[in-house]
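Engineer: what follows is a predicted protein model with its sequence.
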Amino acid sequence: MTVLYGLLALGIGIAAGLAVLVVDEIRHESRRRIPRCMTCGELHHRHAAHR
């Protein structure tokens, strides 16, 4: 029974680690892409000057 609890804890730890990696990758990917401007609708970096 103790071995079963150990394997369950190990599986939960691995699942939590993978979830952290996936969330981190999604956040990093969303920062890399150039967002669409809410003012003019074009694609450019944040805080770009609108002339």
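Structural biologist: In hand now; what should we look at? Numbering: from 1, shown residues only.
Engineer: can we go C-alpha only for contacts and neighbour counts from here?
Structural biologist: Fine.
Engineer: Arg36 against Glu42, yeah?
Structural biologist: Yes: taking contacts as CA atoms under 8 Å, Arg36 lies within contact range of Glu42: 5.6 Å.
Engineer: for Glu42, give me its contacts.
Structural biologist: Arg36 (CA atoms under 8 Å, 6 or more residues apart in numbering).
Engineer: how about a cut-off of 10 Å?
Structural biologist: Glu42 is in contact with Ile34, Pro35, Arg36, counting by CA atoms under 10 Å, 6 or more residues apart in numbering.
Engineer: what's the answer for Leu10, then?
Structural biologist: Here Leu10 is in contact with Leu4, Ala16 (CA under 10 Å, 6+ apart).
Engineer: helix or strand: which one has it?
Structural biologist: helix 2-32 (DSSP states H and E).
Engineer: pull out the buried members of the contacts of Glu42.
Structural biologist: With neighbours counted by 16 or more other CA atoms under 10 Å, the contacts of Glu42 contain no buried members.
Engineer: low-confidence ranges in this structure?
Structural biologist: 48-51 (pLDDT under 70).
Engineer: Throw the contacts of Glu42 into JSON lines and include distance to Glu25 and secondary structure, thanks.
Structural biologist: JSON lines is the format used below for the contacts of Glu42 (distance: CA to CA, whole Å; DSSP: H, G, I helix; E, B strand; the rest coil):
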{"residue": "Ile34", "distance to Glu25": "16", "secondary structure": "coil"}
{"residue": "Pro35", "distance to Glu25": "17", "secondary structure": "coil"}
{"residue": "Arg36", "distance to Glu25": "20", "secondary structure": "strand"}
